[in-house]
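Asks: below are the sequence and a predicted model for it; my questions follow.
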Amino acid sequence: MKIIAFGVRDDELPYFQKWSQQHHIPVKTVKELLTTDNVKLCKGYDGVSSVQLKPYSKDLITQMRNNGIKYWSLRNVGIDNIDLDAVKQNGIKLTNVPSYSPDAVAEFAVLSTLRLIRQSKAYERKMRVGNFMWAPNIGKELHEMTVGIIGTGHIGGSALKYFQGFGCKIIAYNLVKYPEYQDYYVDNLGELYAQADVISLHVPLTNDDRHMIDDDAISKMKDGVYIINTARGELIDTDALIRGLDRGKIAGAALDSFENEAPIIQHDFKSFAAIPDAKLRNLMQRDNVLITPHVGFYTHTAVRNMVYSSLDNNKALFDSNGQTAPSLLKL
Ligand code: COI
């Protein structure tokens with residue numbers, strides 16, 4: 001078997017090389033993301049490994065199949081950017097990595113929460129100009145707060161446990177109620193919004209939850225709520241978020257993922273003014289908003305697991321003639 005991997009970063013490369021040597025399977029690595037411009041490189045390979053937040057269109061997927069690809073293994077968990085009908089129609093077997101390091105993202109959610117409630121961004125700004133005064137940036141204490149976890153999958157479950165360690169009151173919402181979190185579940189999102197001081201999002205993006213945090217949802221939240229998004233930008237209606245921040249309803253927001261981030265993240269615009277998104281620039285200028293470029297996942301542990309699991313999945317698909325793999329998606 002032969003695998004081709006797209007969008008391979010320098011920090012991933014040693015893991016690809018090690019896996020390839022250990023399994024005696026050639027893996028060609030390509031720096032560029034998989035697009036219709038380079039899809040022809042797939043010819044002669046059995047499987048593809050890729051990671052990206054940009055869309056995988058029907059056209060691209062059809063061209064993958066036309067170039068002989070039957071097995072496609074993502075190095076990430078999210079599949080919201082993939083035309084899944086096209087994957088199915090083309091008979092491609094798709095795997096993701098549902099749990100490469102839930103702790104990486106969960107730790108980042110906690111970090112972001114603490115940075116927000118202790119106003120760390122304001123201090124960094126003040127100290128850069130020599131101001132070491134305390135006021136007015138007095139903090140709040142996490143253990144006195146109620147944290148609402150939306151989504152109790154791998155990452156949300158891990159976040160729940162971490163927040164619990166701070167002594168917070170935890171409430172949670174998930175469509176499916178898992179027995180291990182039964183003590184935390186509220187019946188509906190309205191209940192969670194009404195009680196939570198901090199709301200942390202850990203759900204995948206689907207057509208049902210796009211803009212779940214809109215004006216209506218925000219109006220049901222407590223005054224002075226903090227919103228943490230380490231999941232997908234499109235879960236939040238950015239205009240509604242800005243309105244909520246402007247009127248002080250929302251005390252702060254930490255967005256590791258933000259709307260329309262695909263053309264922004266992993267780009268160096270060289271200056272603040274050159275960032276091609278006015279709403280993002282607006283948010284970035286606020287002391288009570290933390291923007292980070294989708295790095296919650298980005299740890300050595302996670303990157304290693306993403307590469308190894310993707311390649312293991314791809315090999316399993318090949319070995320079983322497409323029948324099975326640890327994370328084969330049912331489409
Ligand atoms: C995911 O695993 O879906 C992420 O959000 C990480 C990113 C590298 C795509």
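Replies: Looks like it came in fine.
Asks: would you list the phi and psi of I227?
Replies: Here the main-chain torsion angles of I227 (degrees, to the nearest 10) amount to phi -120, psi 130.
Asks: can you name the residues bridging to the residue nearest to it when sequence neighbours are not counted?
Replies: Nearest residue to I227, sequence neighbours excluded (Cβ to Cβ, 6 or more residues apart in numbering): A253, at 4.6 Å. Where you see a C-beta, it was placed from the backbone N, CA and C, and this is true even at glycine. Beta bridges link A253 to I227, V289 when assigned by DSSP bridges.
Asks: now do the contacts for A253.
Replies: L116, Y226, I227, I228, N229, L241, L245, L283, N288, V289, L290 (Cβ atoms under 8 Å, 6 or more residues apart in numbering).
Asks: quick one: distance of stretch 190-203 to the chain centre.
Replies: 18 Å (Cα atoms, centre = their mean, to the nearest Å).
Asks: buried residues of it, list them for me.
Replies: L192, Y193, Q195, A196, D197, V198, I199, S200, L201, H202, V203 (16 or more other Cβ atoms under 10 Å).
Asks: now what about stretch 20-32, what contacts it?
Replies: Outside stretch 20-32, the residues that reach it (Cβ under 8 Å, 6+ apart) are 1-9, 13, 16, 19, 38, 41, 45, 49, 311, 315.
Asks: in it, what counts as buried?
Replies: Neighbour counts over stretch 20-32 (16+ other Cβ under 10 Å) mark S20, I25, V27, K28, T29 as buried.
Asks: CA-only coordinates of that stretch, as PDB, when you get a sec.
Replies: In PDB, the C-alpha atoms belonging to stretch 20-32 read as follows (Å, rounded to 0.1, in the frame of the first residue of the first chain):
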ATOM      1  CA  SER A  20       6.400   4.900   7.600                       C
ATOM      2  CA  GLN A  21       9.700   3.200   8.700                       C
ATOM      3  CA  GLN A  22       8.000   1.100  11.400                       C
ATOM      4  CA  HIS A  23       5.300  -0.200   9.100                       C
ATOM      5  CA  HIS A  24       7.400  -0.400   5.900                       C
ATOM      6  CA  ILE A  25       4.700   1.600   4.100                       C
ATOM      7  CA  PRO A  26       5.700   4.500   1.900                       C
ATOM      8  CA  VAL A  27       4.100   7.800   2.900                       C
ATOM      9  CA  LYS A  28       4.600  10.800   0.500                       C
ATOM     10  CA  THR A  29       4.200  14.100   2.400                       C
ATOM     11  CA  VAL A  30       3.000  17.200   0.700                       C
ATOM     12  CA  LYS A  31       3.200  20.600   2.400                       C
ATOM     13  CA  GLU A  32       0.200  22.100   0.600                       C
END
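Asks: how far off centre is it?
Replies: On the basis of Cα atoms, centre = their mean, stretch 20-32 sits 26 Å off its chain's mean C-alpha point.
Asks: if we can go back for a sec, state the pair within the buried residues of stretch 20-32 that is farthest apart.
Replies: Greatest spatial distance in the buried residues of stretch 20-32: I25 and T29, 12.9 Å, computed using Cβ to Cβ.
Asks: what about I149, how many neighbours?
Replies: 33 (other Cβ atoms under 10 Å).
Asks: phi, psi for it please.
Replies: phi -100, psi 120.
Asks: which residues does it bridge with?
Replies: On the basis of DSSP bridges, I149 is bridged to A172, S200.
Asks: what sits against it?
Replies: Contact partners of I149, counting by Cβ under 8 Å, 6+ apart, are G156, A159, L160, F163, I170, I171, A172, Y173, Y184, S200, H202.
Asks: among the contacts of stretch 20-32, which lie within helices?
Replies: L13, F16, W19, L311, K315 (DSSP state H).
Asks: mind checking how far whichever residue of the stretch 201-331 of the chain sits closest to the ligand is from F108?
Replies: Distances between the stretch 201-331 of the chain and the ligand by Cβ to the nearest ligand atom are smallest at F297, namely 4.3 Å. For F297, the distance to F108 equals 8 Å [Cβ to Cβ, to the nearest Å].
Asks: and what of G244?
Replies: From G244 to F108 the distance is 22 Å (Cβ to Cβ).
Asks: let's have the buried residues of stretch 190-203 in JSON lines, adding distance to the ligand and secondary structure.
Replies: Output for these, formatted as JSON lines (distance: Cβ to the nearest ligand atom, whole Å; DSSP: H, G, I helix; E, B strand; the rest coil):
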{"residue": "L192", "distance to the ligand": "23", "secondary structure": "helix"}
{"residue": "Y193", "distance to the ligand": "24", "secondary structure": "helix"}
{"residue": "Q195", "distance to the ligand": "28", "secondary structure": "helix"}
{"residue": "A196", "distance to the ligand": "23", "secondary structure": "coil"}
{"residue": "D197", "distance to the ligand": "26", "secondary structure": "coil"}
{"residue": "V198", "distance to the ligand": "21", "secondary structure": "strand"}
{"residue": "I199", "distance to the ligand": "19", "secondary structure": "strand"}
{"residue": "S200", "distance to the ligand": "15", "secondary structure": "strand"}
{"residue": "L201", "distance to the ligand": "12", "secondary structure": "strand"}
{"residue": "H202", "distance to the ligand": "11", "secondary structure": "coil"}
{"residue": "V203", "distance to the ligand": "12", "secondary structure": "coil"}
